[in-house]
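Enquirer: how would this look folded up:
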Amino acid sequence: MKASFAILLAACLSVEQALGLVCWYCDGADNNWGCWRWQFCSNSDNYCATTYIGAGIGGYSSQSISKGCVPICPQGGINVGLAAASVSCCSSFLCNISGATSVRINHAVLAIGILGSLLYFLFGPRL
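Expert: Numbers count the residues shown, from 1 in each chain. Model (predicted):
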């Protein structure tokens, strides 16, 4: 009994995982609704990544979202007011469903900074 249990345990531990990481996939979609395909990642891919690039001026704005499997995570973001870029990563089953949240958070920080500058400009040292 103990020998068969040990053989079964050794067999289970030596079997490679049947299903690896699965990520949402799209390439240059206009929004998240264009990213409803799955991608089965290779053994060298460790993360699901979402890349967001957006720009806008006046009434014109454009954005591009790409999602998929990546071996390393170049996570980060930049927001310069007229344009923003962000890469976010995660490492569980279909975890990259949402857009790059750091860009949305940066918009709020940018709006608070502009409001503070406007208040200082209007009221100056009287504050």
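Enquirer: can you give me the strands for the protein?
Expert: 22-29, 37-40, 47-57, 60-70, 76-79, 83-90 (DSSP state E).
Enquirer: The first one to strand 60-70, inter-axis angle?
Expert: What it means is strand 22-29. With axes from the mean of the first three to the mean of the last three C-alpha atoms, to 10 degrees applied, the angle from strand 22-29 to strand 60-70 works out at 150 degrees.
Enquirer: From S64, how far out is the residue lying closest to C89 once chain neighbours are set aside?
Expert: Nearest residue to C89 in three dimensions, chain neighbours excluded: C73, at 3.7 Å (C-beta to C-beta, 6 or more residues apart in numbering). (C-beta placed from N, C-alpha, C; glycine too.) Distance, C73 to S64, using C-beta to C-beta, to the nearest Å: 19 Å.
Enquirer: now swap in S98 and tell me
Expert: Taking C-beta to C-beta, one finds S98 at 16 Å from S64.
Enquirer: Just tell me which of the strands of the chain ends up closest to G124.
Expert: strand 76-79 (27.6 Å; C-beta to C-beta).
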